[in-house]
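Undergrad: Provided below for reference: sequence and predicted model.
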Amino acid sequence: MKSKRYFNTTGFCDPEIHYMIDPLRNQNIIFDMIEKRQYFTIHAPRQTGKTTLLHELAHRLNKEGNYISVVFSVESAGYRSITEETANKKIINSLYSSSGQYLNENNCPIPPEKYTKDLTLENYLIDWASSQSKPIVLLLDEIDSLYDDVLVSILRQLRNGFQGRPKHFPSTIALVGLRDVRDYKLKVRPEKLH
């Protein structure tokens with residue numbers, strides 16, 4: 001009996017030695033949230049398939065052609081001594097470099113070094129979304145690697161842009177990490193302020 005070969009994001013796999021379950025099976029809730037232009041979180045322990053899910057999701061959305069989607073990690077800005085300005089630059093550079101893996105040149109954001117406005121994530125996303133005819137689905141991995149003022153700054157920028165979606169800001173943003181959104185709240189506000 002001939003063995004079939006299956007394709008995953010890394011290439012073809014021989015089913016006798018590799019097995020991969022479709023990470024998007026039973027993920028109708030994610031597609032529903034994207035269709036409704038919602039922001040959402042995905043949290044789970046390490047090595048449970050979060051990043052694989054994100055990559056499969058972005059590739060599928062781009063292939064179907066109704067959205068522009070990019071997965072990128074914010075982990076490069078995930079250390080305590082970083083300034084908000086430097087964090088914005090690192091996160092934007094990560095977004096830009098990842099966009100080439102998912103999108104053609106016309107759908108990619110402008111190279112950060114050519115950006116002439118104040119380089120904040122909010123401004124960058126506004127200008128990118130405004131230049132596109134399709135809504136953007138942005139998948140931020142390792143969001144909980146950010147600390148203190150940087151985390152607060154990024155969450156505020158995303159919240160500020162929310163009202164401009166889908167024409168002037170990403171229509172859907174997923175914040176993905178190890179922790180539940182309630183843990184972000186604890187990082188953003190001290191316990192005694194709840």
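TA: Looks like it arrived, so ask away.

Undergrad: what does the average pLDDT come to for the longest helix along the chain?
TA: Identified as the longest helix of the chain according to DSSP state H is helix 84-102. For helix 84-102, the mean pLDDT works out to 97.

Undergrad: helix or strand right after that helix?
TA: helix 121-130 (DSSP states H and E).

Undergrad: just checking, what packs against whichever strand or helix holds Val137?
TA: Using DSSP H and E, Val137 falls within strand 136-141. Secondary-structure packing of strand 136-141 (3 or more C-beta pairs under 8 Å, 6 or more residues apart in numbering; DSSP states H and E): helix 50-64, strand 68-73, helix 121-130, strand 172-177. C-betas here are computed from N, CA, C, even on glycine.

Undergrad: which neighbouring elements make contact with the last one?
TA: Translated: strand 172-177. helix 28-35, strand 40-43, helix 50-64, strand 136-141.

Undergrad: list the buried residues of the helix or strand just after the last one.
TA: What that stands for is strand 136-141. Following strand 136-141 in sequence order, the next helix or strand is helix 148-161 (DSSP H and E). Neighbour-count burial for helix 148-161, counted by 16 or more other C-beta atoms under 10 Å, picks out Val150, Leu151, Val152, Ser153, Ile154, Leu155, Gln157, Leu158, Gly161.

Undergrad: again with stretch 110-129
TA: Under the neighbour-count criterion of 16+ other C-beta under 10 Å, stretch 110-129 has Tyr115, Thr120, Leu121, Glu122, Asn123, Tyr124, Leu125, Ile126, Trp128, Ala129 buried.

Undergrad: correct me, but the fifth one touches Lys117?
TA: Yes: using C-beta atoms under 8 Å, Asn123 is in contact with Lys117, at 5.2 Å.

Undergrad: returning to that earlier point: show me what the strand holding Val137 pairs with in its sheet, parallel or antiparallel.
TA: If you go by DSSP bridges, strand 136-141 pairs up with strand 68-73 (parallel), strand 172-177 (parallel).

Undergrad: go ahead and flag the most central residue of this protein.
TA: Centroid-nearest residue in the chain, with C-alpha atoms, centre = their mean: Leu139, separated by 1.7 Å.

Undergrad: circling back: which of the strands paired with strand 136-141 has the lowest average pLDDT?
TA: Lowest mean pLDDT within the strands paired with strand 136-141: strand 172-177, at a mean of 93.
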